[in-house]
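S.K.: sequence and computational prediction follow.
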Amino acid sequence: MSSKQCYVYIMTNPSQSTLYTGVTNSIKRRVYEHKEKQRDGFTKRYNIVKLVYYEKFDGPSAAINREKQIKAGSRKKKVELINSLNPEWEDLYDMI
């Protein structure tokens, strides 16, 4: 029995001054939408175009819980999380 894969991700703008945390069932599609500014809202307004962190989950429940946990944390905690797996803050989009 397999569950639908879901992802929690963190994106930032080119100056890395703003962080955005989201959840999706299709990370490649969702990050593309952010990069191409296909939807109005926070990520379009703040030019959130760079994927710097993501985690994969076997279902939406675990992913949503993790997203809430990350969002509840401070910016410092999010930066530490990104630095733990992507210390150069490279755009991971082409690696997914």
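M.R.: Thanks, I have the structure now. Please read all numbers here as calculations on a predicted model, not as lab measurements.
S.K.: output the contacting helices and strands for whichever helix in the chain runs longest.
M.R.: If you go by DSSP state H, the chain has its longest helix at helix 60-72. Where contact means 3 or more CB pairs under 8 Å, 6 or more residues apart in numbering; DSSP states H and E, helix 60-72 is packed against strand 6-12, strand 19-24, strand 50-57, helix 75-85. All C-beta atoms are positioned from the backbone trio N, CA, C, and that covers glycine.
S.K.: may I see the buried residues of that helix?
M.R.: Pro60, Ala63, Arg66, Glu67, Ile70 (16 or more other CB atoms under 10 Å).
S.K.: what sits against the last one?
M.R.: Spelled out, that is Ile70. Val8, Ile10, Thr21, Lys77, Lys78, Leu81 (CB atoms under 8 Å, 6 or more residues apart in numbering).
S.K.: swap in 6 Å and give it another go.
M.R.: Thr21 (CB atoms under 6 Å, 6 or more residues apart in numbering).
S.K.: distance of it relative to Thr18?
M.R.: Distance check for Ile70 against Thr18: by CB to CB, to the nearest Å, it reads 15 Å.
S.K.: pLDDT below threshold where in the protein?
M.R.: 1-3 (pLDDT under 70).
S.K.: what's the neighbour count on the closest residue to Tyr54 other than its chain neighbours?
M.R.: Nearest residue to Tyr54 in three dimensions, chain neighbours excluded: Tyr9, at 4.1 Å (CB to CB, 6 or more residues apart in numbering). The local packing of Tyr9 (other CB atoms under 10 Å) involves 24 other residues.
S.K.: equivalent analysis for Pro87, please.
M.R.: 8.
S.K.: where does it land in three-state SS?
M.R.: coil (DSSP: H, G, I helix; E, B strand; the rest coil).
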